[in-house]
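Enquirer: Give me a model of this one.
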Amino acid sequence: MKVLVAMSGGVDSSVAAAELLAAGHQVVGVTMRLWGGESDTGCCSVSDVDDARRVAQQLGIDHLVFNFSDDFDRHVVDPYVRAHVEGLTPNPCIECNRHLKFDRLSERARLLGFDAVASGHHAQIEVDDFGKRRVTRAVDEAKDQSYVVHMIAGDELDYTLFPVGSMTKEQVRAKATALGLRTAAKPDSQDVCFISRTGGRESFLGKRIPFRPASVVDTAGNVAGRVEAIELVTIGQRKGLGLPGGAPKQYVVGVDTNEARVTIGDEALLFTNAMRVADVTWAHTTDADRLRVTADVLVQSSAHGAATPAVVAIDDDNTVRVTWVEPQRRVAPGQSVVFYDVTNRYVLGGGVACAD
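Expert: Numbering: from 1, shown residues only. Below you'll find the model as predicted:
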């Protein structure tokens, strides 16, 4: 089989290429040039491209570079900025996976005659009890990335490979060490590639949008403080609200960009019994059909958070109504929400948390 491996310059994708090569496949590595601006974090730096190229040389495989920077700006960076203007808390890495790594790259791979696209994500694709292929949890629970690749669905599940999903992180590094790969001890990338450590989110957004000051009010409408940039405020935030010292802890429980108002309250107000999820991608259309009648699932709302029991149902507007078995901390609007089956293994689908 001819496989195109997305090589980010990290150890996981390096070993993914090595595993496929050892299995007898015809392997070609590719690194995507996505972000052309300042970068000292994430997976888009010049050194990452160089690491991927040199690992490909070590493995004796061809290495390509695809420039998808325009697509990255259109599908990831621009929506990230707009989301902050609208008072949302976006998840750009998931949108990068959706639009670049498992859409644009797969499209290019098919045009070039590849039989599959592979990456170094810690996830698996397996057949469930109903004979459906779907994304499942990785063997290494601590490194599981099924949450961030939940959007792979339908026929795309037949075209995608996750060679390291059946390995622990320790096994991945041991394999890289045994092969003498230059990425064997390279730290994992944790940050958004276009947000630099030196400037941070404030500097990035400040160059692209005018910040708007906002009043901070309590639940009775009394002014308690002020923020200089409502675009930087998110649900659950406690610091940077201009509140006097020594007062009881208060948290952001509402962000109204139209009225330039941030509402704060006690931590108890962050908990809710229900939420809505929009723009849902289902692994299979049968999942959506089944969930039009209420169904028990597990719901995960952050990359490293726990999946929590809930009952879900699809409303007439195709948003998903989530009712928690026990009250849960509110999910910031704009964050990704992923549904798993009750065994906490198979991804059913996922979407984006709505504003109240």
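
Enquirer: buried set for stretch 200-209?
Expert: With burial defined by 16 or more other Cβ atoms under 10 Å, the residues of stretch 200-209 counted as buried are 204, 205. All C-beta atoms are positioned from the backbone trio N, CA, C, and that covers glycine.

Enquirer: residue ranges for the strands of the stretch 51-200 of the chain, please.
Expert: With DSSP state E, counting those that start in this stretch as the criterion, the stretch 51-200 of the chain has strands at 62-67, 116-118, 124-127, 133-136, 160-161.

Enquirer: which SS class is residue 299?
Expert: Judged by DSSP: H, G, I helix; E, B strand; the rest coil, the three-state class of residue 299 is strand.

Enquirer: got the contact list for the closest residue in space to it that isn't next to it in sequence?
Expert: Counting by Cβ to Cβ, 6 or more residues apart in numbering, residue 310 is the residue found nearest to residue 299 once chain neighbours are left out, at 4.6 Å. The neighbours of residue 310, taking Cβ atoms under 8 Å, 6 or more residues apart in numbering as the test, are 296, 297, 298, 299, 322, 323, 324, 325.

Enquirer: Identify the bridge partners of the second one.
Expert: Taking DSSP bridges as the rule, residue 297 bridges to residue 310.

Enquirer: and it, what does it touch?
Expert: The neighbourhood of residue 297, defined by Cβ under 8 Å, 6+ apart, consists of 291, 309, 310, 311, 312, 339, 340, 341, 342, 348.

Enquirer: For the residue nearest to residue 34 when sequence neighbours are not counted, give me its contacts.
Expert: Nearest residue to residue 34, sequence neighbours excluded (Cβ to Cβ, 6+ apart): residue 72, at 4.0 Å. Applying Cβ under 8 Å, 6+ apart to residue 72 gives the contacts 34, 35, 96, 100.

Enquirer: Also residue 225?
Expert: Neighbour list for residue 225: 215, 216, 241, 242, 243, 244, 264 [criterion: Cβ under 8 Å, 6+ apart].

Enquirer: Only whichever of these are buried, select them in PyMOL.
Expert: Of the contacts of residue 225, the buried ones go into a single PyMOL selection, burial set by 16+ other Cβ under 10 Å:
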select buried, resi 215+216+241+243+264
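
Enquirer: which two from the contacts of residue 225 end up farthest apart in space?
Expert: Across these, the two members that end up farthest from each other (Cβ to Cβ) are 215 and 244, 15.0 Å apart.

Enquirer: which ones are touching the nearest residue to residue 90 once chain neighbours are set aside?
Expert: With Cβ to Cβ, 6+ apart as the measure, residue 83 is the residue that lies nearest to residue 90, at 3.9 Å, once sequence neighbours are left out. Applying Cβ under 8 Å, 6+ apart, we find residue 83 in contact with 89, 90, 334.

Enquirer: Give me the pLDDT for the residue nearest to residue 235 when sequence neighbours are not counted.
Expert: For residue 235, ignoring the flanking residues on the chain, the nearest one in space by Cβ to Cβ, 6+ apart is residue 332 at 4.2 Å. Looking at residue 332, its pLDDT is 95.

Enquirer: cool, and the one 10 residues further on?
Expert: According to the predicted model, the pLDDT of residue 342 comes to 93.

Enquirer: for it, helix, strand, or coil?
Expert: Using three-state DSSP, the secondary structure recorded for residue 342 is coil.

Enquirer: For it, what are phi and psi?
Expert: Summarising the backbone geometry of residue 342 under the convention degrees, to the nearest 10, its torsions are phi -70, psi -10.

Enquirer: Alright, calling it a day.
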